[in-house]
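Asker: sequence and predicted structure below; questions after.
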Amino acid sequence: MLSFVLRRLLIAIPTIILISVFVFTLQKLLPGDPVLAMAGEERDPQVLEYLRNKYRLNDPIFIQYINWIGNAFVGDLGISLRTNQPVLELIMEKLPVTIQLAVIAILIALVIGIPTGILSAVKKGSAVDYCANAIALSGLSIPNFWLGIMLILLVSVRWQLLPASGYVPFFEDPLKSVSVMIMPAFVLGTALAATLMRHTRSAMLDVLKSDYVRTARAKGLKEQTVVLKHAFRNAATPIVTLTALLFGELIAGAVLTEQIFTIPGFGKLIVDAVFNRDYAVVQGVVLVTAVGFILMNLLADVAYVLLNPRLRSSS
Amino acid sequence: MTHISDDTCSEDAVLATRRENRVWKKFKSHRSAMIGGGLAAFFILIAVLAPILPVVEPTATDWFAVRKAPSLVHPFGTDEIGRDVLSRMVWGAQASLLAGVVSVAIAIGLGVPLGILAGYFSGWTDAIISRCTEALLAAPFLVLAIALAAFLGPSLTNAMIAIGISATPIFVRLTRGQVLSVKAEDYVESARAVGLPTHKILSRYILPNVLPPILVQATLSIATAIIAEASLSFLGLGQQAPAPSWGQMLNTAKNFLHQAPWMALWPGIAIFLVVLGFNLLGDGLRDALDPREK
């Protein structure tokens, strides 16, 4: 198992290097001289030369990349132009907020998506199946930022049931924290629930056709036992891995959700950095997201192997 | 040799026509696909006919009709500076669909040739293209599109380029996989054995056989691209004011939820319907083109 993880980690290295080259190139393709932006009103050639030497911008581009990736490797992703804080510090400050949002969203998605998927597969071709499919497809087609706006309009403005924006750390006031997060998490979880539902349905349909399910039924086991104990347990493997792979969708969804509900998380950090032309933060965020995504992929692979006894023995 | 190859060609043509008929028959019987096709066609028609439809100028302001609720004069109401929401919806359809189609065309234009090269030539070509594709796939689609749009600068054209580039890896991966299975087929082996040049094998035998799944993916990607364009415009990175786009209309509308809720209602419904249409169409096409589905 360890050798499998190490092998997967080795395969991930070229991907991380390539994404770092891509992120670095993005900044270099920018029109204009970054030193002029840093110097502000100051246009003294000596100051400009000092800044160029300080940030080693006179070095060949390859050396600049080596310096940048070397620094990134030890956690130095540069300094935010706007807040003057180290980029990594900013990311670490915002990440827990998004993780809390993501965890609640995933829970909502699992609670809605899996039972609906199972029900839809068991009742294939029935009205329940059609309804579940229609809801899932709608969930995938609704832009989550619009759903957020509509929920704010109804739940916060009209009915005044939940706050429309803000953030309270979980350990400060758990109840208030969840009440603030529940609406954005629902918005974020809808599309994920739809994806999970469709995958659960398809995995269950495959498993329900198999011989061991037919044998379980022939033995006279209760339908509930057949579905949950025999079929779902086997269908769960791809679903667990899919949940790990939904990380990318969660981060992308968080960008818009956090913007609408004014949550000071990782997603809002990206948007704020983009609008403030804080390119060091944009680079850092893309790099950290990509590395996180690669690690989640690795986790999904490991989970797949761990949950599948046949693969476990071969790995 | 020519005689044999002519026979094979005519046999191929008959088989292809039969297959097309079967696919079309299956597609026609797919009710949700037909609804999806209808929805997509409706919005395409609106976008194309926008210049001749009897709606007022989308940028024309009326300071005496600021934030007016839907009425006979303004069926969808007016916005914060008195512009007709219906007119902006009609013209906004152009931006959304244009973004959907152009960005997917960019993704196909870049992704399919790269996928064919990677799948057909294998070796180093495949290794380099595949690693680059994996690297791009490692960044979530919207995050990548936002980063690219930010670096390129906010405009509809740049948003389309950003979305197109972000969607490219999916087409590279899909095409590569298809080419790998098609190139092992007997007819490709035979074409190679009779000494047909590579470009002819690629254009005559490989490309037509990898197209169906690409068509399905393109339809589904248009839906994703429309949402992505709306998201970028919502964030201020897409279509710039005063030109209308649904995402940008929603961005403005969120500031007037209490006073003018209709401003947020219509663009959202439109995005939902057009995306649903393309999703249904894509699902239907996939089922129709899948030989295992009966």
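Answerer: That came through fine. For clarity, every value in this text was computed on a predicted model and none was experimentally measured.
Asker: now name the helix or strand holding residue 67.
Answerer: Answering for chain A, as no chain was given. helix A:61-73 (DSSP states H and E).
Asker: in whatever helix or strand comes next after that helix, which residues are buried?
Answerer: Counting by DSSP H and E, the next helix or strand C-terminal to helix A:61-73 is helix A:87-122. For helix A:87-122, a neighbour-count test (16 or more other CB atoms under 10 Å in any protein chain shown) marks A:87-88, A:90-91, A:94-95, A:97-98, A:100-102, A:104-106, A:108-110, A:112-114, A:116-122 as buried. Backbone N, C-alpha and C define where each C-beta goes, glycine included.
Asker: can you tell me if stretch B:76-88 touches chain A.
Answerer: No: using CB under 8 Å from any CB of the partner chain, stretch B:76-88 stays clear of chain A, coming no nearer than 14.6 Å.
Asker: just the CA coordinates of that stretch, formatted as CSV?
Answerer: The C-alpha coordinates for stretch B:76-88 follow below in CSV (Å, rounded to 0.1, in the frame of the first residue of the first chain):
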residue,chain,number,x,y,z
PHE,B,76,-40.3,42.1,-17.3
GLY,B,77,-40.1,45.4,-15.4
THR,B,78,-37.3,47.9,-15.6
ASP,B,79,-33.9,48.1,-13.9
GLU,B,80,-32.1,50.6,-11.6
ILE,B,81,-31.7,53.2,-14.3
GLY,B,82,-35.0,52.6,-16.1
ARG,B,83,-33.8,50.2,-18.8
ASP,B,84,-36.3,47.6,-20.1
VAL,B,85,-35.4,44.2,-18.5
LEU,B,86,-37.1,42.2,-21.4
SER,B,87,-34.9,44.0,-24.0
ARG,B,88,-31.8,43.3,-21.9
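Asker: in this structure A:Y279 contacts A:Q27, no?
Answerer: Yes: with contacts counted by CB atoms under 8 Å, A:Y279 reaches A:Q27, the gap being 5.4 Å.
Asker: show me what contacts B:W91?
Answerer: B:A50, B:P58, B:A243, B:P244 (CB atoms under 8 Å, 6 or more residues apart in numbering or on different chains).
Asker: neighbour-wise, which of those leads?
Answerer: Using other CB atoms under 10 Å in any protein chain shown as the neighbour criterion, B:P244 leads the contacts of B:W91 with 25 neighbours.
Asker: give me the three-state assignment for that residue.
Answerer: coil (DSSP: H, G, I helix; E, B strand; the rest coil).
Asker: so it sits right up against B:G92, yeah?
Answerer: Yes: counting by CB under 8 Å, B:P244 touches B:G92, with 4.4 Å between them.
Asker: excluding its backbone neighbours, what's nearest whichever residue of the stretch 151-294 of chain B sits closest to chain A?
Answerer: Chain A sits closest to B:G268 of the stretch 151-294 of chain B, with a gap of 3.5 Å, by CB to the nearest CB. Leaving out its chain neighbours, the residue that sits closest to B:G268 by CB to CB, 6 or more residues apart in numbering or on different chains is A:W146, at 3.5 Å.
Asker: same question, B:L110
Answerer: Distance criterion CB to CB, 6+ apart; nearest residue to B:L110, sequence neighbours excluded, is B:T168 at 4.7 Å.
Asker: any idea where the helices of the stretch 101-250 of chain B begin and end?
Answerer: B:123-138, B:141-152, B:156-182, B:186-193, B:198-200, B:207-235, B:246-253 (DSSP state H, counting those that start in this stretch).
Asker: could I get these as JSON lines with mean neighbour count and mean pLDDT?
Answerer: Output for these, formatted as JSON lines (neighbours: other CB atoms under 10 Å in any protein chain shown; pLDDT from 0 to 100):
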{"stretch": "helix B:123-138", "mean neighbour count": "18", "mean pLDDT": "88"}
{"stretch": "helix B:141-152", "mean neighbour count": "24", "mean pLDDT": "82"}
{"stretch": "helix B:156-182", "mean neighbour count": "23", "mean pLDDT": "93"}
{"stretch": "helix B:186-193", "mean neighbour count": "13", "mean pLDDT": "89"}
{"stretch": "helix B:198-200", "mean neighbour count": "10", "mean pLDDT": "90"}
{"stretch": "helix B:207-235", "mean neighbour count": "24", "mean pLDDT": "92"}
{"stretch": "helix B:246-253", "mean neighbour count": "26", "mean pLDDT": "93"}
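Asker: closest one to B:S29 among those?
Answerer: Proximity to B:S29 (CB to CB) singles out helix B:207-235 among the helices of the stretch 101-250 of chain B, at 17.3 Å.
Asker: is any part of that closest one close to chain A?
Answerer: Yes: in terms of CB under 8 Å from any CB, part of helix B:207-235 sits within range of chain A, namely B:A223, B:I227, B:A230, B:S231, B:F234, B:L235.
Asker: the first one against B:D283, yeah?
Answerer: So that's B:A223. No: counting by CB under 8 Å, B:A223 does not reach B:D283; the two are 10.3 Å apart.
Asker: which members of the contacts of B:W91 are the farthest-apart pair?
Answerer: Within the contacts of B:W91, two members stand farthest from each other by CB to CB: B:A50 and B:A243, at 12.2 Å.
Asker: coming back round to it: which other helices and strands contact the helix holding A:N67?
Answerer: helix A:2-28 (3 or more CB pairs under 8 Å, 6 or more residues apart in numbering or on different chains; DSSP states H and E).
Asker: buried sites along the helix it packs on?
Answerer: For helix A:2-28, by 16+ other CB under 10 Å, it's A:R8, A:A12, A:T15, A:I16, A:L18, A:I19, A:S20, A:F22, A:V23, A:F24, A:L26, A:Q27.
Asker: need these in TSV with distance to A:K229 and pLDDT, can you?
Answerer: Supplementary listing: the buried residues of helix A:2-28 in TSV, determined by distance: CB to CB, whole Å; pLDDT from 0 to 100:
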residue	distance to A:K229	pLDDT
A:R8	31	80
A:A12	36	83
A:T15	39	85
A:I16	41	87
A:L18	44	88
A:I19	42	88
A:S20	46	89
A:F22	47	86
A:V23	47	84
A:F24	52	86
A:L26	51	77
A:Q27	54	73
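Asker: let me have those residues in TSV, extended by distance to A:V187.
Answerer: TSV is the format used below for the buried residues of helix A:2-28 (distance: CB to CB, whole Å):
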residue	distance to A:V187
A:R8	33
A:A12	31
A:T15	31
A:I16	31
A:L18	33
A:I19	28
A:S20	32
A:F22	30
A:V23	29
A:F24	34
A:L26	29
A:Q27	32
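Asker: which of the residues you listed are close to chain B?
Answerer: A:T15, A:I16, A:L18, A:I19, A:F22, A:L26, A:Q27.
Asker: for the residue positioned nearest the centre of chain B, give me its contacts.
Answerer: Nearest residue to the geometric centre of chain B (CA atoms, centre = their mean): B:I222, 1.9 Å. B:I222 is in contact with B:G100, B:V101, B:V104, B:F278, counting by CB under 8 Å, 6+ apart.
Asker: can you tell me the closest non-neighbouring residue to it?
Answerer: Spatially, and ignoring its direct neighbours in sequence, B:I222 is nearest to B:G100 (4.2 Å; CB to CB, 6+ apart).
Asker: give the contact list for that neighbour.
Answerer: Per CB under 8 Å, 6+ apart, neighbours of B:G100: B:I222, B:A223, B:A225, B:I226, B:E229, B:F278.
Asker: which pair in the residues you listed spans the largest distance?
Answerer: B:E229 and B:F278 (12.8 Å).
Asker: model confidence over stretch B:33-43, on average?
Answerer: If you average the pLDDT over stretch B:33-43, you get 95.
Asker: now that stretch - C-alpha only, PDB.
Answerer: Provided in PDB are the C-alpha atoms of stretch B:33-43 (Å, rounded to 0.1, in the frame of the first residue of the first chain):
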ATOM      1  CA  ALA B  33     -33.900  15.300 -25.400                       C
ATOM      2  CA  MET B  34     -36.600  16.800 -27.600                       C
ATOM      3  CA  ILE B  35     -37.600  19.200 -24.800                       C
ATOM      4  CA  GLY B  36     -34.000  20.100 -24.300                       C
ATOM      5  CA  GLY B  37     -33.500  20.700 -28.100                       C
ATOM      6  CA  GLY B  38     -36.700  22.800 -28.100                       C
ATOM      7  CA  LEU B  39     -35.400  24.900 -25.200                       C
ATOM      8  CA  ALA B  40     -32.000  25.400 -26.800                       C
ATOM      9  CA  ALA B  41     -33.500  26.200 -30.200                       C
ATOM     10  CA  PHE B  42     -35.900  28.800 -28.600                       C
ATOM     11  CA  PHE B  43     -33.000  30.700 -27.000                       C
END
